[in-house]
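> Fold the following and give me the result.
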Amino acid sequence: MNIQQVAEKLNEKAINKGFKVAELPELRKRYLGKKQLPSKIFTAQTIFEGDDQYAFHHGGRDEMQFNFGEEIIDDEQVTRYGLCFSLEPSRSLPNPIEDLEPFRIRFNQCIETNYSYFESFQMWYYQWGKRYGNFVPQIISDDWFQHGSFISIGNIIKKSISDLTENDLIEILIGFDKLLPIYMFCVLQINLIPSNERRISKICWNENDWMSPSGETGKSLDINSYERSRGFGHEEWLFDFEKLVDDYHYTSLQSVERGRETFFNKKFDVRLYSHNSATHENLWIGSIKDLEVISPESSKIIYAHYKKEGWFDEMAIQTKSVNGDFQHFKHLRPHEYFNVRFKPENSELNKPYKKIEYFERIIGTYRYQFIYDISTVSTGENKKSKKRNFIFKPGKSEKPLGNIISTRQNKIIQSEPLHDKIQKILYDQLVDIYGEDNVGMENDTGLGTRIDISVNTRNGIILYEVKSYPSVMITIRVALGQLLEYAYYPNPINNLKEMIIVSHLPIEADDKEYLEFIRKTTTLKIFYQSVNLKSMSISDKA
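Below you'll find the predicted structure:
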């Protein structure tokens, strides 16, 4: 097939097989006031043959355009399809930067608020005759948005246009259908991309950062409650990211059990809170984005995987070590272990925890319910002073020794798969900046430890320590000690430039001020950077 034949087949199949993109001409008439438009997506005026074969939807020259065409990637002819910005000036579009800027603004808003919707696509762009990409979906920067640039979000079929099959044409139309809500939001200003429901969930209290059971301290005082009678709660392993299955963490939220079947095939943005019975405080604990409630069938599959990997035995031992009813734990049903899943990078533990100032208005119940989050009240209202008082309490801990041992054993836990992912992205970015000969990974310290990444610069050595904990505060606490050991024990590195802590979490204001205070009051040059797992980029130093 040639490009005209492909375009005509796409026009026909879109209508005959009921694809939503077939409605594009009518949508443009209705919302853009276009009175006379052809009924086809692609017309003779928007199909171009020759060395550069491509087509875009009729009227797409001066807006975001549905586009397919032929490209050469690594000396191989391929077919692209997607939603594109063409910033080449023309008679109908003399000022493309100015005229298409409103669409870029809405596109960036869309990708920031609905990122999961874009995950099946790739992005790439042409600038000054050179192709860049493919990238994970991301906001369109000023560097990309230049005169003459051509920016695409879509996918690549590794075939030339002449080799496309009927199934390939269906793939293109499926892709166009999924891109249509983005076009409608950006160009027609209709919001059809479903946003996640916002919910609030209670979780049991835990003193091990929800990486393993921590015993009865802070748990419910009601002797009839599950966590008091069994010695553990459903959410004890909520942030234990050592055990991932296909990049997802599977765990349990007691709050979703009631009405669970109504939550299937949805994604939720959830704020987490807990009640500490020891201090009588209601506290915001953290948040999870894109949380999914899984089916009982999925629970059984994950249950079998945990059994096979020996992870259940480990969890049972952890339960027993805090005097929990480990026999009861071992006989729970699969859906009681696993009813939700999320990716670790979409979660955050917000330490230090903030008091909930308007508990009755925002939540109003101590029950484990998956309630709607309709509040606009900030969770950081409790900040009053930049300094804190140390509260001295005489005597020894009331925790049994088993609790203390378990806490010390399980505090230093992070997700190794996530750690390795952060480390690889960081390494690749640093190689781009400093060159491959100047970036080292896992250098031996000579003391039985290894430095995640080190960089040799003209001004000295930079040491990087990567962590994947669910909180920036925990990350700094653990990484700082390791970096100090690498840099100063048993003797200081004489050409040390600086030390940098790296995580997947953006730094918060309090953490930034903490590091600034250390730098101002000591000679330590300690900084923080975050890796964006979606855009595969690194932040500036903080």
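> drop to CA atoms for contacts and neighbour counts, all remaining ones
Fine.
> Show me what counts as buried in stretch 352-366.
Neighbour counts over stretch 352-366 (16 or more other C-alpha atoms under 10 Å) mark Tyr353, Lys354, Lys355, Ile356, Glu357, Ile362, Ile363 as buried.
> Among those residues, name the ones in strands.
Tyr353, Lys354, Lys355 (DSSP state E).
> Look up how far Glu348 lies from Phe150.
As judged by C-alpha to C-alpha, to the nearest Å, Phe150 and Glu348 stand 36 Å apart.
> three-state assignment of Asp452?
Classification of Asp452 using DSSP: H, G, I helix; E, B strand; the rest coil returns strand.
> Listing request: residues of the stretch 401-542 of the chain with sub-threshold pLDDT.
401-416 (pLDDT under 70).
> ranges for the helices of it?
401-411, 416-434, 472-488, 509-521 (DSSP state H, counting those that start in this stretch).
> Out of these, flag the one nearest Lys243.
Of all the helices of the stretch 401-542 of the chain, it is helix 416-434 that lies closest to Lys243, at 8.8 Å by C-alpha to C-alpha.
> What residues of the closest one count as buried?
416-419, 421-427, 429-431.
> cool, and stretch 480-492?
Leu480, Leu483, Glu485, Tyr486, Ala487.
> Centre of the chain to stretch 347-356, how far?
18 Å (C-alpha atoms, centre = their mean, to the nearest Å).
> would you turn the buried residues of stretch 480-492 into a markdown table with distance to Asn459?
Shown next, in a markdown table, are the buried residues of stretch 480-492 (distance: C-alpha to C-alpha, whole Å):
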| residue | distance to Asn459 |
| --- | --- |
| Leu480 | 22 |
| Leu483 | 18 |
| Glu485 | 21 |
| Tyr486 | 18 |
| Ala487 | 16 |
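> which residues are contacting the helix or strand containing Ala304?
Here Ala304 sits within helix 296-309, counting by DSSP states H and E. With C-alpha atoms under 8 Å, 6 or more residues apart in numbering as the test, helix 296-309 has contacts from Tyr250, Phe312, Asp313, Pro334, His335, Tyr337, Phe338, Asn339.
> Quick one: neighbours of the last one, just the number.
By other C-alpha atoms under 10 Å, the residues close to Asn339 number 22.
> For it, give me its contacts.
Contacts of Asn339 by C-alpha under 8 Å, 6+ apart are Tyr250, Thr251, Ser252, Leu253, Val256, Glu257, Val293, Ile294, Ser295, Pro296, Ser299.
> Of the residues you listed, which belong to strands?
Reading strands off the contacts of Asn339 with DSSP E, I get Tyr250, Thr251, Val293.
> of those residues, the lowest pLDDT goes to which?
Least confident entry in the ones in strands among the contacts of Asn339, by pLDDT: Val293, with 94.
> Please report how far the residue nearest to it when sequence neighbours are not counted lies from Ile139.
Closest residue in space to Val293, ignoring its immediate chain neighbours: Val340 at 4.3 Å, by C-alpha to C-alpha, 6 or more residues apart in numbering. Shown here: Val340 relative to Ile139, a distance of 29 Å by C-alpha to C-alpha.
> what about those two, which has more around it?
Val340 (25 against 17).
> Could you look up the next helix or strand downstream of the helix or strand containing Arg198?
Using DSSP H and E, Arg198 sits in strand 197-202. Next along the chain after strand 197-202, taking DSSP H and E as the criterion, comes helix 226-230.
> Could the C-alpha coordinates of that next one be exported in PDB?
C-alpha atoms of helix 226-230 as PDB (Å, rounded to 0.1, in the frame of the first residue of the first chain):
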ATOM      1  CA  TYR A 226      -8.500  -7.000  65.100                       C
ATOM      2  CA  GLU A 227      -5.100  -5.400  65.600                       C
ATOM      3  CA  ARG A 228      -5.300  -5.700  69.400                       C
ATOM      4  CA  SER A 229      -6.600  -9.300  69.500                       C
ATOM      5  CA  ARG A 230      -4.200 -10.600  66.800                       C
END
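> For it, list every residue counted as buried.
Glu227, Arg228, Ser229, Arg230.
> ok, the closest residue to Met123 other than its chain neighbours to Thr523 distance?
Distances taken as C-alpha to C-alpha, 6+ apart put Ile153 closest to Met123, at 4.5 Å, once the chain neighbours are dropped. Distance of Ile153 to Thr523, given as C-alpha to C-alpha: 47 Å.
> which of the two has more neighbours?
Ile153 (24 against 8).
> part of a helix, is the more buried one?
No: Ile153 sits outside any helix when classified using three-state DSSP, being strand.
> What residues does it make contact with?
Ile153 neighbours (C-alpha under 8 Å, 6+ apart): Gly82, Leu83, Cys84, Phe121, Gln122, Met123, Trp124, Pro137.
> Adding pLDDT and distance to Ile500, write the residues you listed out as JSON lines.
Listed next are the contacts of Ile153 as JSON lines, based on pLDDT from 0 to 100; distance: C-alpha to C-alpha, whole Å:
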{"residue": "Gly82", "pLDDT": "97", "distance to Ile500": "39"}
{"residue": "Leu83", "pLDDT": "97", "distance to Ile500": "39"}
{"residue": "Cys84", "pLDDT": "97", "distance to Ile500": "38"}
{"residue": "Phe121", "pLDDT": "93", "distance to Ile500": "33"}
{"residue": "Gln122", "pLDDT": "96", "distance to Ile500": "31"}
{"residue": "Met123", "pLDDT": "97", "distance to Ile500": "30"}
{"residue": "Trp124", "pLDDT": "97", "distance to Ile500": "31"}
{"residue": "Pro137", "pLDDT": "93", "distance to Ile500": "27"}
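> which one of these sits closest to Phe185?
Closest to Phe185, out of all of the contacts of Ile153 and judged by C-alpha to C-alpha, is Leu83, at 12.6 Å.
> Look up which residues are beta-bridged to that closest one.
Counting by DSSP bridges, Leu83 forms beta bridges with Phe66, Ile153.
> Can you give me the neighbour number for Asp74?
The number of residues near Asp74, taken as other C-alpha under 10 Å, comes to 7.
> For the chain, name the helix or strand with the lowest mean pLDDT.
helix 401-411 (a mean of 36; mean pLDDT, DSSP states H and E).
> which stretches of the protein have low pLDDT?
192-194, 374-416.
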